[in-house]
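[1] Let's see this in three dimensions:
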Amino acid sequence: MKPHERDRLDDLSKRLREEQKGLLLVAAQSDGLPSQSTLQRVAQLELNISAIENTLADEQA
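    This is a model prediction of the structure:
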């Protein structure tokens, strides 16, 4: 993997984490449970973040 590709994946991971964090913070403001769509979005973001981390780790191995 080229250095600029690694940088782009790192940047994407950071953006996805920020999006996920924002959703979780908004959900935490509510007294009830977050909506199903919010929970699904958080889970989908987590899957994508993990995929990026795995890709980066595989390249280091």
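[2] what's the biggest helix by length in the chain packed up against?
    Among all segments of the chain classified by DSSP state H, the helix with the greatest residue count is helix 3-29. Other helices and strands packing on helix 3-29, by 3 or more CB pairs under 8 Å, 6 or more residues apart in numbering; DSSP states H and E, are helix 36-60. The C-beta positions use only the backbone N, C-alpha and C, and glycine is treated the same way.
[3] Can you list the buried residues in the helix it packs on?
    Judged by neighbour count (16 or more other CB atoms under 10 Å), helix 36-60 contains these buried residues: 42, 45, 49, 52.
[4] from the residues you listed, which single one is nearest D10?
    I52 (8.2 Å; CB to CB).
[5] Find the nearest non-adjacent residue to the closest one, please.
    In space, I52 comes closest to S13 once its chain neighbours are excluded; the distance is 4.6 Å by CB to CB, 6 or more residues apart in numbering.
[6] ok, the one you found to S35 distance?
    Note on S13: its distance to S35, by CB to CB, to the nearest Å, is 25 Å.
[7] Settle it for me: which of those two has more neighbours?
    When S13 and S35 are compared on other CB atoms under 10 Å, the one with more neighbours turns out to be S13, at 18 against 11.
[8] Quick one: residues contacting that one.
    Residues in contact with S13 (CB atoms under 8 Å, 6 or more residues apart in numbering) are 49, 52-53.
[9] hmm, 10 Å instead?
    When contacts are counted by CB atoms under 10 Å, 6 or more residues apart in numbering, S13 is found next to 48-53, 55-56.
[10] ok, now how distant is it from R6?
    As judged by CB to CB, S13 and R6 stand 11 Å apart.
[11] What of A28?
    In this structure, A28 and R6 are separated by 32 Å, where distance is defined by CB to CB.
[12] element containing P34?
    Mapping P34 onto the secondary structure by DSSP states H and E places it in no helix or strand at all.
[13] Identify the residue nearest it in space, chain neighbours excluded?
    For P34, ignoring the flanking residues on the chain, the nearest one in space by CB to CB, 6+ apart is A27 at 3.8 Å.
[14] okay, now the one you found: neighbour count?
    Residues contacting A27 under the criterion other CB under 10 Å number 15.
[15] quick one: contacts for it?
    For A27, the set of contacting residues under the criterion of CB under 10 Å, 6+ apart consists of 33-35, 38-39, 42.
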